[in-house]
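Undergrad: Test case, fold it:
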Amino acid sequence: MTSSRLLSDVRAVRRTILVANQKGGVGKSSIVAAIAVAVARRGKRVLVVDADQQGNCTVRDLGVKESDEGRSLAMTLQYGSPLEAVRDVRPNLDVVCGGKLLAMAGAVAAGAEQHGIDPRQNLLLALEALVDSVGYDLVLIDSGPGDRAVLDLLLQVVSWLIVPTKEDDGSIDGAELLARRYLWARKNGAQIELMGMVLFDCNPRAIRRNEDTLGKIMDLLEGTGIEPFRSFIRQDKASALDARAFHLTAEELIAFSPKNNAGGETDEAGPAKRWSRDTEPLATDYQKLTREVLIRLAAGERAKEVV
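TA: Numbers count the residues shown, from 1 in each chain. Reported below is the predicted structural model:
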């Protein structure tokens with residue numbers, strides 16, 4: 001193996017964060033969308049890659065109308081085609097769409113060696129080319145649950161990992177399964193670093209229960225030197241329903257009214273009523289998490305530069 005191939009096998013795309021859990025419904029897409037919009041609104045160029053065949057981040061959270069349902073990403077993985085992003089979904093925010101056409105991505109990744117395909121290298125080169133051409137400051141990737149082959153591929157391409165989890169044992173088990181895949185990737189030369197785990201959809205008043213859940217998270221992180229995020233995302237069913245219905249983040253919902261359509265666009269046949277009265281507490285949770293993520297990202301990237 002040549003030295004150039006060795007180098008290509010260990011590099012990762014800088015400032016790229018994968019948000020993943022091996023269980024569904026733990027807030028991955030909502031966290032990706034909220035952080036992406038928050039950073040983009042503050043003048044930074046952001047790329048979201050929706051690697052989930054459900055495509056919730058693309059359609060439900062960000063309201064992309066021109067979605068290719070995952071075609072571009074699927075073609076990149078299989079054939080090394082350039083990644084195509086939908087531009088300016090929000091100012092400064094572009095999206096590589098997810099969707100049903102990614103259904104075969106797992107099979108492609110799992111059978112790659114037999115067919116002489118290198119989907120990891122295909123994605124690495126295409127993502128690097130897109131990031132370099134546009135000059136993105138941050139890339140956020142939403143990973144679908146349960147597709148281990150695609151997850152393993154993503155773990156070898158990105159530089160950082162965030163794991164959201166709920167307090168139930170199923171979500172914690174999903175986080176533990178993901179931790180095993182993360183350790184496997186690291187053992188096999190991946191440069192990804194675990195940034196932290198974040199508690200999602202919790203009751204801020206259930207202090208003892210939240211402390212117990214954080215204790216379980218600390219047990220999972222034992223020996224890594226990584227602390228769970230201090231920020232958490234509270235349970236707010238009404239705001240969550242409105243966010244998906246109007247394709248807006250909690251931060252965008254603060255100034256939004258279905259009557260004047262302030263703050264974002266909705267589908268023409270979309271709902272005329274919002275259920276949430278005050279999304280500011282939930283928006284504040286996401287803002288705090290975004291700030292903590294950016295602080296850890298900056299410190300981690302500086303440490304990598306030193307090394």
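
Undergrad: Would you check the distance separating stretch 46-55 from the middle of the chain?
TA: 7 Å (C-alpha atoms, centre = their mean, to the nearest Å).

Undergrad: can you tell me the helix or strand for residue 139?
TA: When elements are assigned from DSSP states H and E, residue 139 belongs to strand 138-143.

Undergrad: now swap in residue 174 and tell me
TA: helix 169-187.

Undergrad: May I have whichever helix or strand comes after that helix exported as PDB, CA atoms only?
TA: Downstream of helix 169-187, the first helix or strand assigned by DSSP H and E is strand 193-202. In PDB, the C-alpha atoms belonging to strand 193-202 read as follows (Å, rounded to 0.1, in the frame of the first residue of the first chain):
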ATOM      1  CA  GLU A 193     -13.600  11.900  18.100                       C
ATOM      2  CA  LEU A 194     -16.600  11.600  20.500                       C
ATOM      3  CA  MET A 195     -17.700  15.100  21.300                       C
ATOM      4  CA  GLY A 196     -20.300  14.100  23.800                       C
ATOM      5  CA  MET A 197     -23.800  12.800  24.600                       C
ATOM      6  CA  VAL A 198     -26.900  14.900  25.000                       C
ATOM      7  CA  LEU A 199     -30.100  14.200  26.900                       C
ATOM      8  CA  PHE A 200     -33.100  14.800  24.700                       C
ATOM      9  CA  ASP A 201     -36.900  15.200  25.400                       C
ATOM     10  CA  CYS A 202     -36.500  15.300  29.200                       C
END
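
Undergrad: count of neighbours near residue 108?
TA: 20 (other C-beta atoms under 10 Å). (Each C-beta comes from the backbone N, C-alpha and C, glycine too.)

Undergrad: Helix, strand, or coil at it?
TA: Classification of residue 108 using DSSP: H, G, I helix; E, B strand; the rest coil returns helix.

Undergrad: wait, what's in contact with the nearest residue to residue 72 once chain neighbours are set aside?
TA: Among residues not flanking residue 72 along the chain, residue 84 sits closest, at 4.1 Å (C-beta to C-beta, 6 or more residues apart in numbering). Residue 84 is in contact with 68, 72, 96, counting by C-beta atoms under 8 Å, 6 or more residues apart in numbering.

Undergrad: Can you list the buried residues in the helix holding residue 174?
TA: Neighbour counts over helix 169-187 (16 or more other C-beta atoms under 10 Å) mark 171, 172, 174, 175, 176, 177, 178, 179, 181, 182, 185 as buried.

Undergrad: Between strand 193-202 and it, find me the angle.
TA: Relative orientation of helix 169-187 versus strand 193-202 (axes from the mean of the first three to the mean of the last three C-alpha atoms, to 10 degrees): 170 degrees.

Undergrad: okay, the angle between helix 169-187 and strand 138-143?
TA: 120 degrees.

Undergrad: residue ranges for the strands of the chain, please.
TA: 16-19, 46-51, 86-90, 93-96, 138-143, 160-165, 193-202, 233-234 (DSSP state E).
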